[in-house]
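S.K.: Predicted structure and sequence below. I'll ask about it afterward.
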Amino acid sequence: MAWVQTLGWIVAVSLGIAAYRWASYPGSWAAMFGAEYAKPRSALRRLRAELTGARRASAHRLEAATEQLRQVRAAYQAEVAGAERRLRSLRDPAPGSRVTWLGRIAVHEEVLRLFDEDGPLDETGRHRTPASGPSTDLPLATLTVDCVPSDDPAGTCVTLAAGTSVPYEVCYVHREYPEPNVRQFVLDVRSAVARARGAQASRERHIAAAEADLAAARAATEDVDAARTHVEWVKAAERVDPDVGRATDALDERRDRWQANTGRRPWR
């Protein structure tokens, strides 16, 4: 029944209020509610509020110092990460934009991407679209590119040699890739290789400076160290915070007086 539930809630709330009042102002019904104890109860409330305020102020100072350390550490980590990215981009550049392509070969600014298969024919059935799928990336700056005859008289092959590795060979049948187009493609690839080598030489000239920048960024821990030291100092100071101490002493003195009058000691 609804009235039973309502009565139950009223009883529960009443018991909760009584328990709180007893813990706060113990001793007797008069101590909890009587007019003669109104001023002592008010004094306890005020002193508890002052202690809570002092503790919150202390906690705020520690939170502010901790937040400052977090921000300084984040700035340090961002600086190091940026220096690492710059060095990584010099040592291991991204493939870059696609410059040209023919069949299984797609030439980017920094790599030649050799696909396992040709791209599919377009809607006319006469021209190939750019290849996709599994592929191998060859550093463009290391390549030597040549045009050689195919075993099939109706085709032309392109060899791709990278250092001492076995050259790759990609052959183009003339019915899909006319020989003049293949030869022009080889010239375009050689031009891309020359540009990639120039870019690589430029990067190599900047690597030493980037390494020095990274070392300097990692070593620049002064702000982090200072912020960490400040946090430790604040922690030590807050353990003996005079405001908290004074508020605690004042409240304890009032609790002693309450106990002397009622025989019960209220909570802090």
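M.R.: Looks like it arrived, so ask away.

S.K.: Could you look up the next helix or strand downstream of the helix or strand bottoming out on mean pLDDT in the chain?
M.R.: Lowest by mean pLDDT, DSSP states H and E among the helices and strands of the chain is helix 2-24, with a mean of 61. As assigned by DSSP states H and E, the chain's next helix or strand after helix 2-24 is helix 29-33.

S.K.: Measure how far that next one is from the centre of its chain, please.
M.R.: 57 Å (CA atoms, centre = their mean, to the nearest Å).

S.K.: Pull the contacting residues for the residue of the chain most remote from its centre.
M.R.: Distance from the centre of the chain peaks at E36, with 61.2 Å (CA atoms, centre = their mean). Applying CB atoms under 8 Å, 6 or more residues apart in numbering, we find E36 in contact with A30. Heads up, the C-betas are built off the backbone N, CA and C, glycines and all.

S.K.: Just the pLDDT for it.
M.R.: pLDDT recorded at E36 is 82.

S.K.: T100 now?
M.R.: T100 is given a pLDDT of 91.

S.K.: got it, and the one 4 residues further on?
M.R.: On the pLDDT scale, R104 is placed at 88.

S.K.: how deep is it tucked in, by neighbour count?
M.R.: 21 (other CB atoms under 10 Å).

S.K.: Settle this for me: it is touching E169, isn't it.
M.R.: No - if you go by CB atoms under 8 Å, R104 and E169 don't touch, sitting 10.8 Å apart.

S.K.: just the strands in the stretch 151-268 of the chain please.
M.R.: 155-162, 168-173 (DSSP state E, counting those that start in this stretch).

S.K.: Present those as JSON lines; the columns should include mean pLDDT, distance to A131 and mean neighbour count.
M.R.: Compiled in JSON lines, the strands of the stretch 151-268 of the chain are given as follows (pLDDT from 0 to 100; distance: least, CB to CB, whole Å; neighbours: other CB atoms under 10 Å):
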{"stretch": "strand 155-162", "mean pLDDT": "87", "distance to A131": "14", "mean neighbour count": "19"}
{"stretch": "strand 168-173", "mean pLDDT": "87", "distance to A131": "11", "mean neighbour count": "17"}
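
S.K.: Serialize these to TSV and add fields for distance to S24.
M.R.: As requested, those are arranged in TSV below (distance: least, CB to CB, whole Å):
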stretch	distance to S24
strand 155-162	83
strand 168-173	86
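
S.K.: Right, I'll leave it there.
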